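Q: can you look at this prediction? I've put the sequence above it.
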Amino acid sequence: MVEPFDVVDLIHTKRDRGALSPEQIRWLVDAYTRGYVGDEQMAAMTMAIFLNGMGREEVRDLTLAMVASGDRLDFQGLSKKTTDKHSTGGVGDKITLPLAPLVASFGVAVPQLSGRGLGHTGGTLDKLESIPGWRASLSPEEFLSQLESVGAVICAAGAKLAPADGKLYALRDITGTVESIPLIASSIMSKKIAEGTAALVLDVKFGSGAFLQDPVRGRELAETMVRLGTDAGVATVALLTNMNVPLGLAIGNANEVRESVEVLAGGGPADVVELTLALAREMLALAGLPDADVEAALKSGAAMDTWRAMITAQGGDPDAALPTPKHTQVVTAPRSGVLVRQDALPFGIGAWRLGAGRARQQDPVQHAAGIDLHAKPGDVVTAGQPLFTMSSNDGDRFERALEAIEGAYEIADPGTAVETGGALIQGRITA
Ligand code: URA
């Protein structure tokens, strides 16, 4: 086969701030997926994109080329409307766990194809695998049948869905090219468009624990993704949310499942409940149910019933005890005052070092490892009171976790301004 382009020419174009044509982008993605374009050439290309950006049309063409690199799911045969959610990732972000069954309890289908954690951000599948017996891999038939019967499915995205993104994401991860708006937007939206959902709500995070720190860049990412979804026929809305502080009190795997179950039981930390309800309202509005009483579904146990059915359908025992750690270490308040800062990123890195996350894709995670916070910014604390508990199966991990967390929190005199970066939900972006 004669290749229609020379990849070095394409790299020169992006390096020199030019634009690639739709044909060039389609060829590049296809040639990379089949191995004709090498990792070193694609690394140069992604760095050129990282540094020089991409135009609107280029981002659209890149997204569609990645969709075309694999299979596209089709929910035509389903009797329910589909609506999904995607978060750009953060610390303590377990929202998918209570959200999917909550939304499905209204009779809509939530086809949530999730990933595993890498680095300081956790992965939904790792969290759910804390539940004895639960399995992440479903056949296409099992997936569709559970969507029809239970409504909510959280499972692993097969390797056939946007495989170009799988390859490209792994390359970006080791070449310092993750934090690029065109690359993040096309990566996320290619998977969601290939997944075939009719509607999508994006939780785009900014702040210390997010991929993008700056709210202005977060908004730009949200606008780019909403445009990509809408143009591809997926009804898409985004919430711009603050990830300067860990979400909820649990950071890890089993402890995040426990906190999610508290939310499904009508309790749980206020920030987790607020975001779960806001995203549920958006997802249900896109599915034609703008007046759904989502709070009532948490209080009545309807969402909990769907959770139990969802876990059971995937082999899990919703009543089984969750794993407990071999070792714990409590960190106490060095002085009395007000907790004015609790920086998400160092706590995420701390939980990761305790074993809740993985350094390499193939590593196992420790389901019982992580951090449980006992105070949140704005809380008044007394000297000696527990501030957070670290858990791990390896006692020698505590020191490195503490190194990460050192300086990440601050107790000050009453009246000192609390540094959280403002409200949890800071914007709503529509087409
Ligand atoms: N999540 C993704 O799937 N892709 C990115 O590029 C970043 C976050």
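A: That came in fine, so what should we check first?

Q: need the residues of the stretch 1-150 of the chain near the ligand, please.
A: Within the stretch 1-150 of the chain, the residues that sit near the ligand (Cβ under 6 Å from any ligand atom) are Thr88, Gly89. C-betas here are computed from N, CA, C, even on glycine.

Q: so which residues of the stretch 1-150 of the chain form strands?
A: Assigned by DSSP state E, counting those that start in this stretch, the strands in the stretch 1-150 of the chain fall at 83-87, 110-114.

Q: just give me the neighbour total for Gly355.
A: 24 (other Cβ atoms under 10 Å).

Q: coming back round to it: which among the strands of the stretch 1-150 of the chain is found nearest to Val237?
A: Val237 lies closest to strand 83-87 among these, at 10.1 Å (Cβ to Cβ).

Q: so what's the residue count around Gly115?
A: 17.

Q: wait, I meant Glu282
A: Neighbour tally, Glu282, other Cβ under 10 Å: 24.

Q: contact partners for the one residue in the stretch 201-350 of the chain that gets nearest to the ligand?
A: The minimum distance from the stretch 201-350 of the chain to the ligand, using Cβ to the nearest ligand atom, falls at Phe211 (5.9 Å). Neighbour list for Phe211: Thr88, Gly89, Val178, Glu179, Ile184, Lys205 [criterion: Cβ atoms under 8 Å, 6 or more residues apart in numbering].

Q: out of the residues you listed, the closest to the ligand would be?
A: Ile184 (3.9 Å).

Q: doesn't the closest one belong to a strand?
A: No. Under DSSP: H, G, I helix; E, B strand; the rest coil, Ile184 falls outside any strand and is assigned helix.

Q: that one touches Arg172, doesn't it?
A: No. When contacts are counted by Cβ atoms under 8 Å, Ile184 is not listed as touching Arg172 (9.1 Å).

Q: which residues do those two both contact?
A: With Cβ under 8 Å, 6+ apart as the test, Ile184 and Arg172 both reach Val178.

Q: and the stretch 201-350 of the chain, which residues reach the ligand?
A: With Cβ under 6 Å from any ligand atom as the criterion, the stretch 201-350 of the chain comes near the ligand at residues Phe211.

Q: show me the contacts for whichever residue of the chain sits closest to the ligand.
A: When scored by Cβ to the nearest ligand atom, the chain has Ser187 as its residue closest to the ligand, at 3.5 Å. Ser187 is in contact with Met66, Asp165, Leu168, Tyr169, Arg172, counting by Cβ under 8 Å, 6+ apart.

Q: now do Pro386
A: Applying Cβ under 8 Å, 6+ apart to Pro386 gives the contacts Val330, Val331, Thr332, Ala333, His374.

Q: just the pLDDT for it.
A: On pLDDT, Pro386 comes in at 98.

Q: list phi and psi for it.
A: phi -60, psi 130 (degrees, to the nearest 10).

Q: using CSV, write out every CA atom in the one helix or strand Ser260 maps to.
A: Assessed by DSSP states H and E, Ser260 sits inside helix 254-264. What follows is helix 254-264, C-alpha atoms only, in CSV (Å, rounded to 0.1, in the frame of the first residue of the first chain):
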residue,chain,number,x,y,z
ALA,A,254,-13.1,0.5,49.4
ASN,A,255,-13.6,3.7,51.5
GLU,A,256,-15.0,5.5,48.5
VAL,A,257,-17.5,2.7,47.9
ARG,A,258,-18.5,3.0,51.6
GLU,A,259,-19.1,6.7,51.2
SER,A,260,-21.1,6.2,48.0
VAL,A,261,-23.3,3.7,49.8
GLU,A,262,-23.9,6.4,52.5
VAL,A,263,-25.0,8.8,49.8
LEU,A,264,-27.4,6.1,48.4
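
Q: following element in sequence after that helix, please.
A: Following helix 254-264 in sequence, per DSSP H and E, is helix 270-286.

Q: show me what counts as buried in stretch 394-412.
A: Neighbour counts over stretch 394-412 (16 or more other Cβ atoms under 10 Å) mark Arg397, Phe398, Ala401, Ala404, Ile405, Ala408, Tyr409, Glu410, Ile411 as buried.

Q: and the ligand, which of the residues you listed reach it?
A: Within those, nothing lies near the ligand by Cβ under 6 Å from any ligand atom.

Q: which ones among these map onto strands?
A: Residues of the buried residues of stretch 394-412 located in strands (DSSP state E): Tyr409, Glu410, Ile411.

Q: not counting its neighbours along the chain, what's nearest the last one?
A: Just to be clear, that refers to Ile411. In space, and not counting its chain neighbours, Ile411 is closest to Gly337: 4.3 Å by Cβ to Cβ, 6 or more residues apart in numbering.

Q: residues touching that neighbour, list them.
A: Counting by Cβ under 8 Å, 6+ apart, Gly337 has contacts Val380, Val381, Ile411, Ala412, Asp413, Pro414, Thr416.

Q: whichever of the residues you listed end up buried, select them in PyMOL.
A: In PyMOL, a selection of the buried entries from the contacts of Gly337 looks like this (16+ other Cβ under 10 Å):
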select buried, resi 381+411
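
Q: hey, C-alpha coordinates of stretch 310-325 in PDB?
A: Extracted in PDB, the C-alpha atoms of stretch 310-325 (Å, rounded to 0.1, in the frame of the first residue of the first chain):
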ATOM      1  CA  MET A 310     -26.400  -3.300  39.600                       C
ATOM      2  CA  ILE A 311     -23.800  -4.800  41.900                       C
ATOM      3  CA  THR A 312     -25.500  -8.200  42.000                       C
ATOM      4  CA  ALA A 313     -25.900  -8.400  38.200                       C
ATOM      5  CA  GLN A 314     -22.100  -8.100  37.900                       C
ATOM      6  CA  GLY A 315     -21.400 -10.900  40.400                       C
ATOM      7  CA  GLY A 316     -20.900  -8.700  43.500                       C
ATOM      8  CA  ASP A 317     -22.300  -9.100  46.900                       C
ATOM      9  CA  PRO A 318     -23.700  -5.700  48.000                       C
ATOM     10  CA  ASP A 319     -23.800  -6.900  51.700                       C
ATOM     11  CA  ALA A 320     -20.300  -8.300  51.800                       C
ATOM     12  CA  ALA A 321     -17.800  -6.700  54.100                       C
ATOM     13  CA  LEU A 322     -15.300  -4.500  52.300                       C
ATOM     14  CA  PRO A 323     -11.600  -5.100  52.600                       C
ATOM     15  CA  THR A 324      -9.900  -3.600  55.700                       C
ATOM     16  CA  PRO A 325      -6.300  -2.400  55.800                       C
END
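
Q: ok, residues contacting that stretch?
A: For stretch 310-325, the surrounding residues in contact (Cβ under 8 Å, 6+ apart) are 100-101, 104, 128, 130-136, 138, 146, 149-150, 152-155, 254, 257-258, 307-308, 366-369, 391-393.
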